[in-house]
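**Q** the amino acid sequence is not available; the structure is as follows:
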């Protein structure tokens, strides 16, 4: 059981503003703790299964934020964008206040599963190739995929700036023009470059899985949800051998 902490610190940790502002929220009768109106910002509160209500909006307490987000097309995974809107603009401002970051990036035209967190160790763990965590991409191609192209992806292709072959750890042909490909590292447009190297191209790219965690079918584009311990376990334990 987590050690109780003051309500003011709890609100501050969740991104509701400065400590002074969080205290003012309590004294303005704008905060409920598990459905009960809070009266003292210094009151020590147990954080296990804590649900806050601030200015009429319910908010689950999470010491660290771990989010699954369904990225729409034409959004950049950056706080400082160049040509398109930021994925962070689709999140509640509380997350921005607490400093969340994308766990790796998807290109502006790539859609699908994106992890977001304010836990630096988690971000490093999920992005380092040393952990061998597979990411599954559904690739739509303008030309039909051939068995030879799939074999080349599995056996490894050499890209211009890297003498070591890049491998797909798994390939599943879903249709003539759609391939589900698993890779461990996806930076620097790697999927698109691998497809070009085998003589095809990417017309659409959608990430569906990280580790054994598959994006929920009911998570619509532009929506997010909390990740809970059992789901985090799926992410951290499911690696490609």
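**A** Perfect, I can see it now. Here the structure is a predicted model, which is why all the values come from computation and not from measurement.

**Q** report the outermost residue of the protein with respect to its centre.
**A** Farthest-out residue of the chain from its mean C-alpha position, per CA atoms, centre = their mean: residue 39, at 36.1 Å.

**Q** just the pLDDT for the closest residue to that one other than its chain neighbours.
**A** Leaving aside its sequence neighbours, residue 39 sits nearest to residue 26 (CB to CB, 6 or more residues apart in numbering; 7.4 Å). (C-beta placed from N, C-alpha, C; glycine too.) With respect to pLDDT, residue 26 has a value of 98.

**Q** hmm, who's touching the helix or strand in which residue 26 is found?
**A** For residue 26, the host element (DSSP states H and E) is helix 19-27. Outside helix 19-27, the residues that touch it by CB atoms under 8 Å, 6 or more residues apart in numbering are 7-9, 11-12, 16-17, 31, 38-41, 54-55.

**Q** in that helix, what's buried?
**A** Across helix 19-27, burial judged by 16 or more other CB atoms under 10 Å covers 22-23, 25-26.

**Q** now the buried members of the contacts of helix 19-27.
**A** Buried among the contacts of helix 19-27 by 16+ other CB under 10 Å: 7-8, 11-12, 16-17, 31, 38, 41, 54.

**Q** report the two of those separated the most.
**A** Longest distance between any two of the buried ones among the contacts of helix 19-27 is 15.3 Å, between 17 and 38; criterion CB to CB.

**Q** count the neighbours of residue 13 for me.
**A** When neighbours are counted by other CB atoms under 10 Å, residue 13 registers 17.

**Q** identify the residues contacting it.
**A** Counting by CB under 8 Å, 6+ apart, residue 13 has contacts 63, 98.

**Q** quick one: it from residue 37, how far?
**A** According to CB to CB, to the nearest Å, residue 13 and residue 37 sit 21 Å apart.

**Q** enumerate every residue touching residue 205.
**A** 107, 109-112, 137-140, 191-192.

**Q** what sits against the spatially closest residue to it that is not a sequence neighbour?
**A** Distances taken as CB to CB, 6+ apart put residue 110 closest to residue 205, at 4.4 Å, once the chain neighbours are dropped. By CB under 8 Å, 6+ apart, residue 110 lies in contact with 71, 73, 205-207.

**Q** so which pair among those residues is furthest apart in space?
**A** So, the contacts of residue 110 by CB to CB: farthest apart are 73 and 207, at 12.3 Å.

**Q** shared neighbours of the two, anything?
**A** With CB under 8 Å, 6+ apart as the test, residue 73 and residue 207 both reach 110-111.

**Q** which of the two has more neighbours?
**A** More neighbours surround residue 207 than the other of residue 73 and residue 207, with 21 against 16 (other CB under 10 Å).

**Q** mind checking how far the more buried one is from residue 12?
**A** Counting by CB to CB - residue 207 and residue 12 are separated by 34 Å.

**Q** same thing with residue 148?
**A** 58 Å.

**Q** ok, now residue 129?
**A** 36 Å.

**Q** list the contacts of the spatially most central residue of the chain.
**A** In the chain, the centroid-proximal residue (CA atoms, centre = their mean) is residue 115; its distance is 0.9 Å. For residue 115, the residues meeting the contact criterion (CB under 8 Å, 6+ apart) are 66-69, 102-104, 126, 210, 227, 235.
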